[in-house]
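Participant: for reference, the sequence and a predicted model appear below.
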Amino acid sequence: MPDEYMDPSNVFEGVPLVRMYDKADDVRDLLRFFYHAPTFTLTRYDPETPKKVGGILRLAKKYQIASLWDRLVKQIETDWPQTLSGWDRLEGEINLWNQHCVEEGESRIPCSDIVFPEPGSAAQLAREFDLRKITPAVFYHLSRLEISRNRGHLYDKQVADRIAEVRSLGGRTANWSLLTLPDLKCLLLGRERIQQYLEKEFTRFRNSPQFHYCDPQCNRKSFEDGLRVLIHSSDILSDLKILVSEDLDNCGTETLCSPCQEKAKATVRQLRTEIWDRLAEFFELPVLSDNEDDDGDGDEDEGDDEYHDSE
């Protein structure tokens, strides 16, 4: 087309200009991903992944770049387990990392809190892009943490000091500033429902018909007392596992006779499995459709479920 017929506003230094009404940072990240791939790295468990991929996902969704969308969503889903066994593996890796930190010193090995996934940014990403597969693990992890240790308030010296303290002990923190009011309501509801579930279900062990095989020397009450204490646990999946650990010799299964040990371990396995399977229900999160659950892909579901306020 002759130059005289071109709109001057659509030309830059004599070259036709295509206007994009997307955020400049999003476009930059997308172009960087395509044209400077070696400088754009995504590593497993990187807490910065949501920040790195958010803008790219936004454009991949808008311009229907399915292969890119699938790749990035898969990376995010890999960081947040969708099974209890996967959760236990991640927790095991974190515990090993903390052990290495103690042995080698924090000056040589970064603390686990800046190495493993951060739940606040993950919750924000899941909300924006409806990434339902990661939300149960994300919200359960958030439910274990203290809101006073907010990464979003590191400019506050008192908060920064509290975060430094918990990190030195191998603890975890979150960027609570990224959560919405509905997110926080879901979180509070989940904590309350898990406690209600535990109050109801902890009678399973006490009411077991297996006890007529119980040895008179069995200290069954110590285990029952341990279960009652866990009603107020902030990390019930971990604490239940510890309760039946063979390393314990006081309130764990070592004080139980053989039939009661087996019953205790079976009860704990069942409780942990049920809690994990019901996390979406407890926290009132959007659930997976049958297709999402079966196919295992990261495509968005266009259903009507959203994070919502609880009555």
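Facilitator: That came through fine.
Participant: what about the helices in the stretch 1-150 of the chain?
Facilitator: Counting by DSSP state H, counting those that start in this stretch, the stretch 1-150 of the chain has helices at residues 24-35, 49-62, 66-79, 84-104, 119-129, 135-143.
Participant: turn these into CSV, columns for distance to residue 17, mean neighbour count and mean pLDDT.
Facilitator: In short, each C-beta sits where N, CA and C put it, glycine included. Formatted as CSV, the helices of the stretch 1-150 of the chain follow (distance: least, C-beta to C-beta, whole Å; neighbours: other C-beta atoms under 10 Å; pLDDT from 0 to 100):
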stretch, distance to residue 17, mean neighbour count, mean pLDDT
helix 24-35, 14, 14, 87
helix 49-62, 19, 20, 96
helix 66-79, 25, 17, 96
helix 84-104, 47, 14, 95
helix 119-129, 29, 22, 98
helix 135-143, 41, 24, 99
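Participant: for residue 153, find the nearest of the ones you listed.
Facilitator: Among these, the nearest to residue 153 by C-beta to C-beta is helix 119-129 (11.7 Å).
Participant: residue 203 versus the closest residue to residue 172 other than its chain neighbours, what's the distance?
Facilitator: Leaving aside its sequence neighbours, residue 172 sits nearest to residue 113 (C-beta to C-beta, 6 or more residues apart in numbering; 5.2 Å). Distance from residue 113 to residue 203, counting by C-beta to C-beta, to the nearest Å: 37 Å.
Participant: kindly report the same for residue 159.
Facilitator: Using C-beta to C-beta, one gets 41 Å for the distance from residue 159 to residue 203.
Participant: before we move on, the earlier item: and the helices of the stretch 1-150 of the chain: which comes nearest residue 154?
Facilitator: Ranking the helices of the stretch 1-150 of the chain by proximity to residue 154 (C-beta to C-beta) places helix 119-129 first, at 12.7 Å.
Participant: what lies in contact with the closest one?
Facilitator: By C-beta atoms under 8 Å, 6 or more residues apart in numbering, the residues outside helix 119-129 that reach it are 47, 50-51, 53-54, 57-58, 61, 73, 76, 79-80, 131-132, 134-135, 138-139, 141-142, 145, 151-152, 174-180, 183, 300, 307.
Participant: correct me if wrong: residue 228 contacts residue 202.
Facilitator: Yes: applying C-beta atoms under 8 Å, one finds residue 228 in contact with residue 202, separated by 6.6 Å.
Participant: which residues are common contacts for the two?
Facilitator: If you check residue 228 and residue 202 against C-beta under 8 Å, 6+ apart, no residue is contacted by both.
Participant: these two: which is more packed in?
Facilitator: Taking other C-beta atoms under 10 Å, residue 228 and residue 202 do not tie; residue 202 has more neighbours (16 against 13).
Participant: list the contacts of that one.
Facilitator: Contacts of residue 202 by C-beta under 8 Å, 6+ apart are 227, 228, 230, 231.
Participant: would you mind measuring from it to residue 139?
Facilitator: For residue 202, the distance to residue 139 - C-beta to C-beta - is 22 Å.
Participant: before we move on, back to that, residue 113 and residue 203 - which one has more neighbours?
Facilitator: Remark: of residue 113 and residue 203, residue 113 carries more neighbours, 22 against 11, as counted by other C-beta under 10 Å.
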